[in-house]
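Student: here is the input, now give the coordinates:
(one chain, ligands or ions: 1)
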Amino acid sequence: MSDYLLELARNPYAKQAIRSLGLPIPLPRTLKRGDGADAAAPLAGSTMTAYGTSKLAAAAVAATTEAGAVVKTVSVQPAASSDEATGTAEGEAAGETTDALLFDASSLRSSADLAQLHGFFHPRVRTLNADGRIVVLGRPPAKQDSPETAAVQRALLGFVKSLGKEIGRKGSTANLLVVAEGAEDRVAAPLRFLLGVRSAFVSGQQLTVGTAAKRGASDAIAQPLAGKVALVTGAARGIGAAIAARLGEEGAQLVLVDRPEGQAGMDALIARFSGTTLAIDLTDPDAADRILTHVQTLYDGVDIVVNNAGVTRDRTLAKMDASWWDLCLGVNLGAAIAVTEALRPKLIRRDGRVIFISSIGGLAGNPGQTNYGASKAGLIGYAEALAPKLGRRGVTVNCVAPGFIETEMTASMPAVLREAGRRLNALSQGGLPQDIADAVTFLATPGASGLTAHTLRVCGLHTAGA
Ligand SMILES: NC(=O)c1ccc[n+]([C@@H]2O[C@H](COP(=O)([O-])OP(=O)(O)OC[C@H]3O[C@@H](n4cnc5c(N)ncnc54)[C@H](O)[C@@H]3O)[C@@H](O)[C@H]2O)c1
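Tutor: The predicted structure follows:
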């Protein structure tokens with residue numbers, strides 16, 4: 001990556017100018033990311049300090065221990081007054097550092113109880129190692145029996161978003177895992193994701209684990225996608241190629257779709273993983289039918305469908321002609337719906353996964369992107385409406401909304417917009433295609449059955465959007 005702002009910031013005058021523009025000065029550090037397929041114990045070698053006495057906390061500690069983390073549990077409830085005793089973990093020594101902090105806030109009910117957040121994190125936040133992880137456990141605010149308890153549970157999201165912005169400079173993240181009553185047995189995979197290296201560019205987010213989709217039988221950690229067929233559109237390069245590679249690493253057979261110009265990129269993936277390719281333009285009227293025939297003939301069904309192909313055609317609305325509008329909406333939204341509708345009646349298998357690559361542009365909007373913003377928001381609406389229809393068969397439907405990711409698409413942006421897009425997040429850098437691939441792969445695994453109708457932002461806690 002050519003890091004223009006980083007170069008500039010070495011000059012003290014330029015550094016001051018960058019600061020006065022409100023852009024964070026880039027840090028010359030690389031986030032710790034995963035490499036290759038997941039191990040059977042992906043958290044091995046990491047330490048975590050946890051607080052919680054509920055059955056949810058017990059499930060969370062059991063899951064992280066099983067994934068290989070060494071967990072120290074704070075046994076004393078943090079004092080209501082945060083200046084009093086803060087609770088100590090067995091064997092927790094003063095000055096000792098840790099890789100992760102887990103706080104079970106699911107039983108907090110009154111606004112005074114929120115002092116426990118301060119009581120737990122205040123003395124420990126400085127003990128968090130670089131690339132550290134903070135996870136807060138909560139319950140769905142809308143399901144609480146009193147407005148005050150709903151307020152307390154909703155407060156947790158504001159807490160992690162703010163804390164994420166404080167700890168991002170060290171490459172650390174803070175996220176909220178909201179767990180519905182009865183879904184405690186589905187927290188293992190989301191926790192492994194949020195506490196591990198696969199969520200390096202996910203911060204300030206809420207993942208809600210529920211029971212809307214039927215739970216599958218397996219929750220294998222190693223090679224979770226063995227025997228699965230995964231279709232990825234726009235797979236020849238960029239984010240799509242990274243998604244295909246990650247799904248292939250975890251054992252999936254690949255069905256790769258891209259335009260004829262993308263054949264070489266798809267061939268390079270098929271040389272590494274098992275699968276087939278289909279060179280078609282998704283805007284062709286028969287594209288969805290050709291995909292259906294390919295899947296039916298060669299595989300008799302598909303387990304994972306990733307609708308990733310997308311284009312930008314940026315112009316302010318007054319200057320945008322209809323062809324740019326039509327192309328952007330046609331590829332990003334129309335084709336994604338057509339492919340999914342073609343496959344879903346018969347070919348998306350039980351416990352399947354449908355994932356759409358949306359964008360924070362669809363959540364926040366951008367000038368010059370009325371077409372793109374509409375298409376990416378449309379995907380979220382489609383996923384939310386489709387999810388309840390497929391949940392009975394254990395099929396989940398989710399979106400991943402990337403922030404600024406270093407690809408050929410973003411390399412073609414005007415320089416100033418590109419630098420601003422890259423920097424305005426808590427981690428002060430652009431994400432990599434691998435970050436989106438890691439999020440998609442997590443959502444594609446059997447263990448992610450608790451997440452459906454969800455939009456997962458992978459944006460380093462970008463300032464744009466909710
Ligand atoms: N890069 C980012 O920062 C970013 C941010 C948010 C969302 N996204 C989304 O992620 C997805 C991938 O983006 P990318 O940055 O890798 O883009 P990219 O341009 O590098 O790759 C897009 C791929 O889609 C394929 N494609 C485009 N139109 C097609 C068509 N009509 N038929 C078949 N294939 C077609 C292209 O050939 C290409 O291989 C897109 O949906 C994009 O909107 C990207």
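
Student: surely Gly362 is within a helix?
Tutor: Yes. The assignment for Gly362 (DSSP: H, G, I helix; E, B strand; the rest coil) places it in a helix.

Student: how near is it to Gly301?
Tutor: 30 Å (C-beta to C-beta, to the nearest Å). Using the backbone N, CA and C atoms, a C-beta is placed for each residue, glycine as well.

Student: same check on Gln369?
Tutor: Using C-beta to C-beta, one gets 36 Å for the distance from Gln369 to Gly301.

Student: show me the shaky parts of the stretch 1-150 of the chain.
Tutor: Across the stretch 1-150 of the chain, residues meeting the criterion (pLDDT under 70) sit at 1-29, 75-91.

Student: follow-up on the earlier one: so Gly362 and Gly301 - more neighbours on which side?
Tutor: Higher neighbour count among Gly362 and Gly301: Gly362, with 26 against 14, using other C-beta atoms under 10 Å.

Student: give me the element the closest residue to that one other than its chain neighbours is part of.
Tutor: Nearest residue to Gly362, sequence neighbours excluded (C-beta to C-beta, 6 or more residues apart in numbering): Lys376, at 2.7 Å. Assigned by DSSP states H and E, Lys376 belongs to helix 370-390.

Student: so which bits of that helix are buried?
Tutor: Neighbour-count burial for helix 370-390 flags 370-380, 382-384, 386-387, 390 (criterion: 16 or more other C-beta atoms under 10 Å).

Student: on contacts alone, who are the packing partners of that helix?
Tutor: helix 322-329, helix 336-343, strand 348-357, helix 360-364, strand 396-402 (3 or more C-beta pairs under 8 Å, 6 or more residues apart in numbering; DSSP states H and E).

Student: out of the ones you listed, deepest packed?
Tutor: Mean neighbours per residue, mean count of other C-beta atoms under 10 Å, is largest over the helices and strands packed on helix 370-390 for strand 396-402, with a mean of 27.

Student: separation between Ala453 and Gly36?
Tutor: 31 Å.

Student: of those two, who's got more company?
Tutor: Ala453 (20 against 8).

Student: tell me the pLDDT of the nearest residue to that one once chain neighbours are set aside.
Tutor: Closest residue to Ala453 apart from its sequence neighbours, by C-beta to C-beta, 6+ apart: Ala387 at 3.7 Å. Listed pLDDT for Ala387 reads 98.

Student: quick one: Ala387 and Thr452 touch, right?
Tutor: Yes. Counting by C-beta atoms under 8 Å, Ala387 does reach Thr452; the two are 4.5 Å apart.

Student: what sits in contact with each of these two?
Tutor: Contact criterion C-beta atoms under 8 Å, 6 or more residues apart in numbering; residues shared by Ala387 and Thr452: 212-213, 396-398.

Student: pretty sure Met266 is touching Thr233, no?
Tutor: No. With contact defined as C-beta under 8 Å, Met266 does not reach Thr233; the gap is 11.0 Å.

Student: hey, what's in contact with both of the two?
Tutor: Common contact partners of Met266 and Thr233 (C-beta under 8 Å, 6+ apart): Asp258.

Student: measure the residue in the stretch 51-200 of the chain that the ligand sits nearest to to Arg237 for me?
Tutor: Closest contact between the stretch 51-200 of the chain and the ligand, by C-beta to the nearest ligand atom, is at Ala200 (15.5 Å). Separation of Ala200 from Arg237 (C-beta to C-beta): 21 Å.

Student: cool, and Thr97?
Tutor: Using C-beta to C-beta, Thr97 is found at 40 Å from Arg237.

Student: neighbour count winner among these two?
Tutor: Set side by side, Thr97 and Arg237 show more neighbours around Arg237, with 19 against 13, by other C-beta under 10 Å.

Student: quick one: which helix or strand includes the closest residue to the more buried one other than its chain neighbours?
Tutor: Spatial nearest neighbour of Arg237, excluding adjacent residues (C-beta to C-beta, 6+ apart): Gly265 at 4.9 Å. Using DSSP H and E, Gly265 sits in helix 263-272.

Student: got a list of contacts for whatever helix or strand comes next after that helix?
Tutor: Using DSSP H and E, the helix or strand that follows helix 263-272 in sequence is strand 275-279. Residues from elsewhere that reach strand 275-279, judged by C-beta under 8 Å, 6+ apart: 248, 253-260, 262-263, 266-267, 269-270, 290-291, 294, 298.

Student: which among these count as buried?
Tutor: Counted by 16+ other C-beta under 10 Å, the contacts of strand 275-279 give 248, 253-259, 262, 266, 269-270, 291, 294 as buried.

Student: which members of those residues occur in strands, if any?
Tutor: Among the buried ones among the contacts of strand 275-279, the members found in strands (DSSP state E) are 253-258.

Student: isn't Val325 up against Gly373?
Tutor: For residue 325 the amino acid is Trp, not Val. No. Counting by C-beta under 8 Å, Trp325 stays clear of Gly373, with 11.8 Å between them.

Student: walk me through the domains of this structure.
Tutor: What automatic domain parsing lists as the domains of the chain is 1-26, 47-209, 229-458.

Student: helix or strand for Leu177, which one?
Tutor: strand 173-179.

Student: and if you look at Ala230?
Tutor: strand 229-233.

Student: who in the stretch 101-250 of the chain is up against the ligand?
Tutor: Counting by C-beta under 6 Å from any ligand atom, the stretch 101-250 of the chain comes close to the ligand at 234, 236-240.

Student: can you tell me which of the residues you listed are buried?
Tutor: Among these, those buried by neighbour count (16+ other C-beta under 10 Å) are 234, 236-240.

Student: which of those residues sit farthest apart?
Tutor: Ala236 and Ile239 (10.9 Å; C-beta to C-beta).

Student: need the contact list for the residue nearest to Arg237.
Tutor: Applying C-beta under 8 Å, 6+ apart to Gly265 gives the contacts 235-237, 241, 258.

Student: going by distance to Thr410, which of the residues you listed wins?
Tutor: Arg237 (12.7 Å).

Student: that closest one contacts Glu261, doesn't it?
Tutor: No. The criterion here is C-beta under 8 Å, and Arg237 misses it with Glu261 at 9.7 Å.

Student: show me where the protein has strands.
Tutor: Listed in chain order, the strands of the chain (DSSP E) span 47-51, 70-74, 98-104, 128-138, 173-179, 206-209, 229-233, 253-258, 275-279, 302-307, 348-357, 396-402, 454-458.

Student: what residues does the shortest one touch?
Tutor: Surrounding strand 206-209, the residues in contact under the criterion C-beta under 8 Å, 6+ apart are 140, 157, 160, 175-180, 183, 186-187, 190, 194, 450-451, 454, 456.
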